[in-house]
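**Student:** Got a sequence here, can you model it:
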Amino acid sequence: MILYSMSAQQSAIALFTAGILPSLLIGFVDAVYVVFYSRSRNVAVARRRPGRRSGRPPKEAGWALGHAGRHLRGIYGGIFTPDRGRRVSPRSTRSW
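**Tutor:** Next up is the predicted model:
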């Protein structure tokens, strides 16, 4: 996007801002498609567990909150760059 804005001699901020509405529209259309597809094919819906509130995270996932906080403190504190931030935690997931 930045290279395109330089070649088109336009503001990068204006191009990013112009992409917000189309991306929200695409997300909405995808969500509507998934709902219609799943209802037409009778896809099974997962049942809720009895006695458990939905919205309360499991205790095993508590480390993820500290992980996100560590990244934000390191990036905004100037300790490391965002592209190297994922290597800070020993439990970081590697998607490559």
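
**Student:** Any idea how many residues pack against residue 75?
**Tutor:** Residues near residue 75, counting by other Cβ atoms under 10 Å, number 16. (C-beta placed from N, C-alpha, C; glycine too.)

**Student:** Now do it, the pLDDT please.
**Tutor:** Note for residue 75: predicted pLDDT of 79.

**Student:** Hmm, it is touching residue 83, no?
**Tutor:** No - Residue 75 is beyond contact range of residue 83, at 10.0 Å (criterion: Cβ atoms under 8 Å).

**Student:** need the longest helix for this structure.
**Tutor:** Ranked by residue count and defined by DSSP state H, the top helix of the chain is helix 20-40.

**Student:** ok, and for the following helix or strand past that one, which residues are buried?
**Tutor:** Going down the chain from helix 20-40, the next helix or strand is helix 62-76, by DSSP states H and E. Within helix 62-76, the residues that count as buried by 16 or more other Cβ atoms under 10 Å are 67, 71, 74-75.

**Student:** got a list of what residue 42 touches?
**Tutor:** Residue 42 makes no contacts at all, as judged by Cβ atoms under 8 Å, 6 or more residues apart in numbering.

**Student:** how much space is there between it and residue 30?
**Tutor:** 20 Å (Cβ to Cβ, to the nearest Å).

**Student:** before we move on, what about residue 45?
**Tutor:** Following Cβ to Cβ, the distance that separates residue 45 from residue 30 is 19 Å.
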